[in-house]
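In: The amino acid sequence is not available; the structure is as follows:
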């Protein structure tokens, strides 16, 4: 049987001083070794044909070859997946290759060591990273840019500003006042922090009350209105995770205990690329809805009912968009990790961590059926994965990208140099000079999109106190003038 099954999982987390911490390469090797040990049969290394690693902040060309050589994985081909590719895509690739008989087993690893870099600065030490100059067998990267040049010019490459603009559009869509919205997302993240505190793999040492999250403070500074630090993913961590997937036949031959096995049931992904400013609806995604529909239809047809959820949580808007599309209630728990702000959000491999946590929950209670979601880019691409202790159905996966493209086309950018426009989303943050700046997504009189900015103190103050989404304004060049 070429049924894909997870047989080994691991998570590693490190805190302490610089000398107590490993670089990402060592963290990933330790996670791989721990997953091999978790499988109960070290001979699995003889069957690992594929090592997939999502690219992180590290500079290594190919950690996979280094890990393979040191750990007896002689037949493994290596892949490094760059930022902009869904992390679930690595799991889907492994499962499909197993089903098609192309490989026996796949090792998927992710890891970051930014906390060690920070400790180096604090302790006045030099951070040294092992130099690996050999290329992987395969590179996988996104086909398109994640933003327009206009967006990059004003928001840079940091994700928080883009997500904050989507959040204000969502707030207006839900007809929430600024205060109601602040309370909603802060109460949501209060619950997340409590779950993270009880998670032994979580980064947070204590839970936070909503009133500690809701307002900006010295320990919770503004990142991009309406987001403070505790609303945002925390990637300054030393964390690594690993997953080993193989065929049911191989698991049987290696006598992997049934207690270790967890099965992927279904997965869906949308890789439809539209820059944030050009999306017809800033706080809604056709690709997401199509990917969710496939999972919900699969569950309905096969009488499968998920009871555990891990909604991708880089920022609150991601949680809310997934929750709305899935039709989850306000009271439904939406994380098993505690979320990326509190459990830790290593840049490009958090979904590996959250999947490992979900699989451990399923192992501990066989009645659990888990749904894990993922995002790439600025809420650009979305993925969902359904997991169970038993192979309730043959693994199925669907890429809804082509269908999403037919339903959702990018809105054209405006070429108008001055005139009237309507605000569809905005944020405020400190620019590179430390000066507060508003970045505004707008729609001109021809329904084309334009990125505007403002440094006007009165406008900035008003934007923080009253809703500006939906307001008609004048612009000249790229500046909001009234």
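Out: Noted; the coordinates are in hand. As the structure is a computational prediction, the values presented were derived from the model and not from experiment.
In: Regarding residue 239, what is its secondary structure?
Out: With DSSP: H, G, I helix; E, B strand; the rest coil as the basis, residue 239 sits in strand.
In: Tell me how many other residues surround residue 290.
Out: By other Cβ atoms under 10 Å, the residues close to residue 290 number 22. Where you see a C-beta, it was placed from the backbone N, CA and C, and this is true even at glycine.
In: Would you confirm that it contacts residue 270?
Out: Yes - between residue 290 and residue 270 there is a contact at 6.3 Å, judged by Cβ atoms under 8 Å.
In: any shared contact partners between those two?
Out: Contact with both residue 290 and residue 270 is made by residues 400, 404, according to Cβ atoms under 8 Å, 6 or more residues apart in numbering.
In: Please spell out which residues along the helix or strand harbouring residue 121 are buried.
Out: Assigned by DSSP states H and E, residue 121 belongs to helix 114-122. Buried residues in helix 114-122, counting neighbours by 16 or more other Cβ atoms under 10 Å, are found at 114, 115, 116, 117, 118, 119.
In: right, and the fifth one touches residue 236 too?
Out: Yes - the pair formed by residue 118 and residue 236 meets the contact definition of Cβ under 8 Å, at 5.5 Å.
In: quick one, phi/psi of residue 3?
Out: Main-chain torsions, residue 3, degrees, to the nearest 10: phi -70, psi 130.
In: ok, and the closest non-adjacent residue to it?
Out: Using Cβ to Cβ, 6 or more residues apart in numbering and skipping the chain neighbours, the partner closest in space to residue 3 is residue 248 (4.0 Å).
In: if we can go back for a sec, quick one: which of the buried residues of helix 114-122 is nearest residue 449?
Out: When the buried residues of helix 114-122 are ranked by distance to residue 449 (Cβ to Cβ), residue 114 comes first, at 34.1 Å.
In: where's that closest one relative to residue 447, distance?
Out: Separation of residue 114 from residue 447 (Cβ to Cβ, to the nearest Å): 42 Å.
In: again, but for residue 312
Out: Look at residue 312 and residue 447: by Cβ to Cβ, they are 31 Å apart.
In: which sections of the stretch 51-200 of the chain are below the confidence cut-off?
Out: In the predicted model, the stretch 51-200 of the chain carries no residue with pLDDT under 70.
In: the helices in it, which residues?
Out: 63-70, 88-99, 114-122, 149-155, 159-173, 178-197 (DSSP state H, counting those that start in this stretch).
In: residues in contact with the helix or strand just after the longest one?
Out: It stands for helix 178-197. Using DSSP H and E, the next helix or strand after helix 178-197 towards the C-terminus is helix 210-214. For helix 210-214, contacts defined as Cβ under 8 Å, 6+ apart pick out 182, 183, 186, 187, 189, 190, 193, 220, 228, 230, 231.
In: which element follows helix 210-214 toward the C-terminus?
Out: strand 222-224.
In: so how far is that following strand off the chain centroid?
Out: Relative to its chain's centre, strand 222-224 lies at 19 Å (Cα atoms, centre = their mean, to the nearest Å).
In: Ok, stretch 52-71 next?
Out: Chain-centre distance of stretch 52-71: 20 Å, with Cα atoms, centre = their mean.
In: Same question for stretch 302-321.
Out: The chain centre lies 12 Å from the centre of stretch 302-321; the measure is Cα atoms, centre = their mean.
In: Kindly check the end-to-end length of it for me.
Out: Distance across stretch 302-321, first residue to last, is 25 Å (Cα to Cα, to the nearest Å).
In: Please renumber the chain so that the first residue is 74 from this point on.
Out: With 74 as the first residue, the last one maps to stretch 375-394.
In: Can you give me the buried ones in it?
Out: Using 16+ other Cβ under 10 Å as the test for burial, stretch 375-394 gives 377, 379, 381-394.
In: next one: stretch 289-297
Out: Counting neighbours by 16+ other Cβ under 10 Å, stretch 289-297 gives 293, 295, 296, 297 as buried.
In: Repeat that for stretch 472-491.
Out: 472, 473, 474, 476, 477, 478, 481, 483, 484, 486, 487.
In: Please tabulate these in TSV, including the columns distance to residue 288, pLDDT and secondary structure.
Out: As requested, those are exported to TSV (distance: Cβ to Cβ, whole Å; pLDDT from 0 to 100; DSSP: H, G, I helix; E, B strand; the rest coil):
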residue	distance to residue 288	pLDDT	secondary structure
472	42	97	strand
473	40	97	coil
474	40	96	helix
476	43	97	helix
477	38	96	helix
478	41	95	helix
481	36	95	coil
483	36	96	coil
484	35	97	coil
486	36	97	strand
487	36	96	coil
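In: could you dump these to CSV with distance to residue 209?
Out: As requested, those are exported to CSV (distance: Cβ to Cβ, whole Å):
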residue, distance to residue 209
472, 23
473, 28
474, 25
476, 32
477, 29
478, 30
481, 33
483, 32
484, 37
486, 36
487, 42
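In: of these, closest to residue 115?
Out: If you rank the buried residues of stretch 472-491 by distance to residue 115 using Cβ to Cβ, residue 472 comes first, at 35.3 Å.
In: in what helix or strand does the residue nearest the centre of the chain lie?
Out: Nearest to the geometric centre of the chain sits residue 448, at 4.5 Å (Cα atoms, centre = their mean). Using DSSP H and E, the element containing residue 448 is strand 442-449.
In: got it, and residue 455?
Out: Secondary structure from DSSP H and E places residue 455 in strand 454-461.
In: which strands and helices sit next to that strand?
Out: helix 161-172, strand 336-343, helix 359-374, helix 423-437, strand 442-449 (3 or more Cβ pairs under 8 Å, 6 or more residues apart in numbering; DSSP states H and E).
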